[in-house]
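Chemist: Build me a model from this:
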Amino acid sequence: MKLRLHFVVDPMGWFCVSIVFAIWLYNSVFVPKLVLLPHFNEGHIPWALVVSYYIVSALCMAALFRASTADPGRLPPDPHIPHSEREQWEMCNKCNMMRPKRSHHCSRCGHCVRRMDHHCPWINNCVGEDNHWLFLQLCFYTQVLSLFTLFLDFCQYYYFQPLTTLDQEAFLARHELALIRVSTIMGLVMFGGMSSLFYTQMAGILTDTTTIEKMSFSNEIDSSGGGPKKCWQRTLAEVFGTTWKILWFLPLRSRQPLTFPHHLRSHV
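Modeler: Prediction:
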């Protein structure tokens, strides 16, 4: 598996990524240390719950790293234009380069990106044709990790039995504010924000419309798509680069452009 790294030199973007990483680190260190592992050691929760939490946390971090460092679909300085697709290319008036239709020039990154959806400061990268699937995974796993954290905070406060090896009064005085309240607030904010973003992204993908196209108020959005409306399986398969649905959830893999034969255009 060959994974090419792509970095955007933007101090503000690095700052935003650092905030996201700090929130992930807080939930991945303090919640297991103060809630998950102590209750597991005393037999209050099964080992599967602990393993599941760490798996979701690892997948969330992997999706963040890949979405931040994956090439979103940057066009090379001298792109090769197939003869059969010359009519589908146009000139960018900002970098004076030929690009496929539905590409967009990112002023923050300084280059054109194929089927660019938007530039996200929270991953310090554009979201385009080659890393849109990773951005979806990041939104999904952040939602799952936030729900997991909220569930553990709720159980710690209302359901879990008191720890016999811990002074409850000392724990409440030292960790209740930092753990229960701060963690709950962060979980609610992250889950609400990512749920809204994930819904917006999925709606755009299923309607074959990028965020930039929605904001442009252009009537030419569907002129480049052509053909009948795609089914949702095919649409998502093209975004994730595979028809194997289990692979849609794995961030540590490479993506290849996916094309369907003519007789399978209506089915996957």
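Chemist: got any ranges where the stretch 1-150 of the chain has weak pLDDT?
Modeler: For the stretch 1-150 of the chain, the stretches with pLDDT under 70 are 1-4.
Chemist: now the strands: where do they sit in it?
Modeler: 89-91, 98-100, 104-106, 111-113, 118-120, 125-127 (DSSP state E, counting those that start in this stretch).
Chemist: Most tightly packed of those strands?
Modeler: Among these, ranked by average contacts under mean count of other CB atoms under 10 Å, first place goes to strand 125-127 (a mean of 28). C-beta here means a position set from N, CA and C on the backbone, and glycine is covered the same way.
Chemist: and it, which strands flank it?
Modeler: Strand pairing for strand 125-127, determined by DSSP bridges: strand 118-120 (antiparallel).
Chemist: Put together TSV for the strands of the stretch 1-150 of the chain, with distance to Tyr157 on each row.
Modeler: Output for the strands of the stretch 1-150 of the chain, formatted as TSV (distance: least, CB to CB, whole Å):
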stretch	distance to Tyr157
strand 89-91	57
strand 98-100	53
strand 104-106	44
strand 111-113	45
strand 118-120	34
strand 125-127	37
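Chemist: Of all the ones you listed, which one is nearest Thr211?
Modeler: Ranking the strands of the stretch 1-150 of the chain by their distance to Thr211 (criterion: CB to CB) puts strand 118-120 first, at 4.4 Å.
Chemist: what distance separates that closest one from the middle of the whole chain?
Modeler: 12 Å (CA atoms, centre = their mean, to the nearest Å).
Chemist: Likewise for stretch 28-37?
Modeler: On CA atoms, centre = their mean, the centre of stretch 28-37 falls 24 Å from the chain's centre.
Chemist: List the buried residues of it.
Modeler: Using 16 or more other CB atoms under 10 Å as the test for burial, stretch 28-37 gives 28, 30-32, 34-36.
Chemist: secondary structure element for Asn182?
Modeler: I think there's a mix-up here, since residue 182 is Val and not Asn. helix 182-206 (DSSP states H and E).
Chemist: quick check: mean pLDDT across that helix?
Modeler: For helix 182-206, mean pLDDT rounds to 91.
Chemist: And it, what's buried?
Modeler: Quick answer for helix 182-206 (16+ other CB under 10 Å): 183, 186-187, 190-191, 194-195, 197-198, 201-202, 204-205.
Chemist: which residues sit against that helix?
Modeler: 23, 26-27, 30-31, 117, 132, 135-136, 139-140, 142-143, 146-147, 149-150, 153, 210-211, 214, 232, 235-236, 239 (CB atoms under 8 Å, 6 or more residues apart in numbering).
Chemist: try 6 Å this time
Modeler: Helix 182-206 is contacted by residues 23, 136, 139, 142-143, 146, 149-150, 153, 232, 235, 239 when judged by CB atoms under 6 Å, 6 or more residues apart in numbering.
Chemist: swap in stretch 46-56?
Modeler: Applying CB under 6 Å, 6+ apart, the external contacts of stretch 46-56 come out as 36, 40, 144-145, 148.
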